[in-house]
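Asker: I need the structure of the sequence given here:
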Amino acid sequence: MDQQQGWFEKGLFQRLPEDIQDSFTQEQLDALKVAFGARRWGKHPVDIRGTLSIWT
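Answerer: Numbering: from 1, shown residues only. Below you'll find the model as predicted:
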């Protein structure tokens, strides 16, 4: 793949076997960006979760 990979490609390729990484066309990579919403990989800066008790 191209040396000028963006953050999406880097994150995607870290999760794929090496023999598959070079098989994507630019058109396929662009479609994957759209399908996944081009969100950044990793943790969010703020993680607020709680629980909701329905049966108390």
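Asker: D30: how many residues sit nearby?
Answerer: Per other C-beta atoms under 10 Å, the neighbour tally for D30 reads 13. All C-beta atoms are positioned from the backbone trio N, CA, C, and that covers glycine.
Asker: what does the strand or helix carrying E27 contact?
Answerer: Using DSSP states H and E, E27 sits within helix 26-35. Residues outside helix 26-35 that contact it (C-beta atoms under 8 Å, 6 or more residues apart in numbering): 8-9, 12, 24.
Asker: just put the residues you listed in JSON lines and tack on distance to L32, secondary structure and neighbour count.
Answerer: Formatted as JSON lines, the contacts of helix 26-35 follow (distance: C-beta to C-beta, whole Å; DSSP: H, G, I helix; E, B strand; the rest coil; neighbours: other C-beta atoms under 10 Å):
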{"residue": "F8", "distance to L32": "8", "secondary structure": "helix", "neighbour count": "17"}
{"residue": "E9", "distance to L32": "9", "secondary structure": "helix", "neighbour count": "18"}
{"residue": "L12", "distance to L32": "7", "secondary structure": "helix", "neighbour count": "19"}
{"residue": "F24", "distance to L32": "8", "secondary structure": "coil", "neighbour count": "17"}
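Asker: quick check, nearest of the residues you listed to D47?
Answerer: F8 (21.6 Å; C-beta to C-beta).
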